[in-house]
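> kindly return the folded structure for what I paste below:
(2 chains)
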Amino acid sequence: KAGVTQTPRYLIKTRGQQVTLSCSPISGHRSVSWYQQTPGQGLQFLFEYFSETQRNKGNFPGRFSGRQFSNSRSEMNVSTLELGDSALYLCASSPDPGGSPLHFGNGTRLTVT
Amino acid sequence: GENVEQHPSTLSVQEGDSAVIKCTYSDSASNYFPWYKQELGKRPQLIIDIRSNVGEKKDQRIAVTLNKTAKHFSLHITETQPEDSAVYFCAASYGNQFYFGTGTSLTVIP
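Residues are numbered from 1 along each chain as shown, chains lettered A, B, ... in the order given. Next up, the predicted model:
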């Protein structure tokens, strides 16, 4: 089975721009969640989607949004980028929202200049 | 919401010694506690997990213990090897919302 695939691997943007990150979950996994990883803060929960519905949202500003498609693929969008948004964005999938293990992708490294 | 604290933030051990990483959580509703290992430049990978109806789980050199009353759980690695060097994250979850600790950077000195 192919693992969780995230594209692109690296992104460099300037302040004020917007960015879209993509995540393809493991085949058969319907739950997709997103995390922001920074050196000092560890993994911070952004949001979780199941069956195209956002079930949970972390404590991030409204500039961070996401969606899930009928094939379970998910996208995450960040608008009006700030320097502090520079981080590794990890997507994780699981078969269902019932506390199953998360399977992470390799992440998208976003640098905002 | 849930708050997970993880200690220590860095840990160095001699090869062959044991390593212990501890986490505490705040929400008694949390019922699933996985541990992830992240090597430099790689994705976090699940190494062991435990559910709230179990007190201890072991997989070869790795074990996890859970004390629901005290709301803490620990990762134990015995006979450490250089390839165990990585950052380890604990997490607590209810449903599919996971809260992670800030990580422990483990270095195993040959």
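> pLDDT value on B:Val54, please?
pLDDT recorded at B:Val54 is 86.
> my guess is it contacts B:Asn67, does it?
No. Using C-beta atoms under 8 Å, B:Val54 is not in contact with B:Asn67; the gap is 11.6 Å. Glycine gets a C-beta too; all of them are placed from N, C-alpha and C.
> give me the contact list for the longest strand along chain B.
If each strand of chain B is counted by residues according to DSSP state E, the longest one is strand B:86-94. With contacts defined as C-beta atoms under 8 Å, 6 or more residues apart in numbering or on different chains, strand B:86-94 is touched by A:42-43, A:99, B:2, B:4, B:6, B:21, B:23, B:25, B:27, B:29-40, B:44, B:47, B:73, B:75, B:98-101, B:103-106.
> among the residues you listed, which are in strands?
A:42-43, B:4, B:6, B:21, B:23, B:25, B:32-38, B:47, B:73, B:75, B:98-100, B:104-106.
> look up the residues forming beta bridges with B:Leu75.
As for beta bridges, B:Leu75 partners with B:Ile21, B:Val64 under DSSP bridges.
> count the neighbours of it for me.
25 (other C-beta atoms under 10 Å in any protein chain shown).
> look at it and report its pLDDT.
B:Leu75 carries a pLDDT value of 98.
> those residues of chain B touching chain A, which are they?
Within chain B, the positions adjacent to chain A are B:1, B:31-32, B:34, B:36, B:42-46, B:49, B:51, B:89, B:91, B:93-103 by C-beta under 8 Å from any C-beta of the partner chain.
> what about burial for the residues you listed, which qualify?
The neighbour count (16 or more other C-beta atoms under 10 Å in any protein chain shown) marks B:31-32, B:34, B:36, B:43-44, B:49, B:89, B:91, B:93-103 as buried among these.
> tell me who's in contact with the residue positioned nearest the centre of chain A.
Central residue of chain A (C-alpha atoms, centre = their mean): A:Trp34, 3.3 Å from the mean position. Contact analysis of A:Trp34 by C-beta under 8 Å, 6+ apart lists A:Cys23, A:Phe45, A:Leu46, A:Phe47, A:Glu48, A:Gly66, A:Ser74, A:Met76, A:Tyr89, A:Leu90, A:Cys91, A:Ala92.
> who touches the second one in this structure?
Residues near A:Phe45 by C-beta under 8 Å, 6+ apart: A:Ser33, A:Trp34, A:Tyr35, A:Asn56, A:Gly58, B:Gln97, B:Phe98, B:Tyr99, B:Phe100.
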